[in-house]
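Engineer: Predicted model follows, preceded by the sequence.
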Amino acid sequence: MLKIKEVLTDKGHTIWSISSKETVYKALEMMAEKNIGALLVIDEGALMGIFSERDYARKVILKGKSSRQTTVGDLMTKDVYSLTPDMTVEEGMALMTKAHCRHMPVFDMNKLAGVITIGDIATALIAHQKVKISDLEHYITGSEINAFDDNH
């Protein structure tokens, strides 16, 4: 079974984060610059929450707040679900679906190891399925060739 650690190895362990004291505007600038949809909110080395495009859309725009005056800490999602490297991709996808989260941190023995997105999981599953299909095609082709050899 495909594990979260394999997805993280392929993706990389880069973690983009911001302080809860920074403005939402600064978070949006960083997200646009890095072409990402969420930032982990880390203060003094501790994960405090996550700030996503969804948080911005639902908690700033719709409530008429200013992104230049509102802090990330005021809007971040504080209850953060997380994955572990030994979880299967299917378990990770199920948790992300149940929690309605598109981004989740990965913790390896209580140490932050990276962030996985639902897109990362979809990409990994598609790649894994292509390998399985190729292996099956090779097996079937090999079986058909053996069926017509001189022993029959």
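Structural biologist: That came through, no problem. Because the structure is a prediction, the values reported are computed rather than measured. Residues are numbered from 1 along each chain as shown.
Engineer: Which secondary structure element is home to residue 47?
Structural biologist: strand 46-52 (DSSP states H and E).
Engineer: tell me what that strand is packed against?
Structural biologist: strand 38-43, helix 72-75, strand 103-108 (3 or more C-beta pairs under 8 Å, 6 or more residues apart in numbering; DSSP states H and E). C-betas here are computed from N, CA, C, even on glycine.
Engineer: what do you get if the cut-off is 7 Å, keeping everything else the same?
Structural biologist: Helices and strands touching strand 46-52, by 3 or more C-beta pairs under 7 Å, 6 or more residues apart in numbering; DSSP states H and E, are strand 38-43, strand 103-108.
Engineer: could you dump those strands to a markdown table with distance to residue 142, mean neighbour count and mean pLDDT?
Structural biologist: Below are the helices and strands packed on strand 46-52 laid out as a markdown table (distance: least, C-beta to C-beta, whole Å; neighbours: other C-beta atoms under 10 Å; pLDDT from 0 to 100):
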| stretch | distance to residue 142 | mean neighbour count | mean pLDDT |
| --- | --- | --- | --- |
| strand 38-43 | 45 | 22 | 98 |
| strand 103-108 | 38 | 20 | 96 |
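Engineer: low-confidence ranges in this structure?
Structural biologist: 143-152 (pLDDT under 70).
Engineer: hang on, the earlier thing: hmm, who's touching the strand holding residue 47?
Structural biologist: Residues from elsewhere that reach strand 46-52 (C-beta atoms under 7 Å, 6 or more residues apart in numbering): 18, 20, 27, 37-42, 72, 75-78, 80, 103, 105, 112.
Engineer: Alpha carbons only: can I get the helix or strand following that strand in PDB?
Structural biologist: Sequence order places helix 53-56 as the next helix or strand after strand 46-52, per DSSP H and E. This file holds the C-alpha atoms of helix 53-56, laid out as PDB (Å, rounded to 0.1, in the frame of the first residue of the first chain):
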ATOM      1  CA  GLU A  53      -7.600  30.600   1.000                       C
ATOM      2  CA  ARG A  54     -10.900  29.300   2.300                       C
ATOM      3  CA  ASP A  55     -10.300  31.100   5.600                       C
ATOM      4  CA  TYR A  56      -9.700  34.300   3.700                       C
END
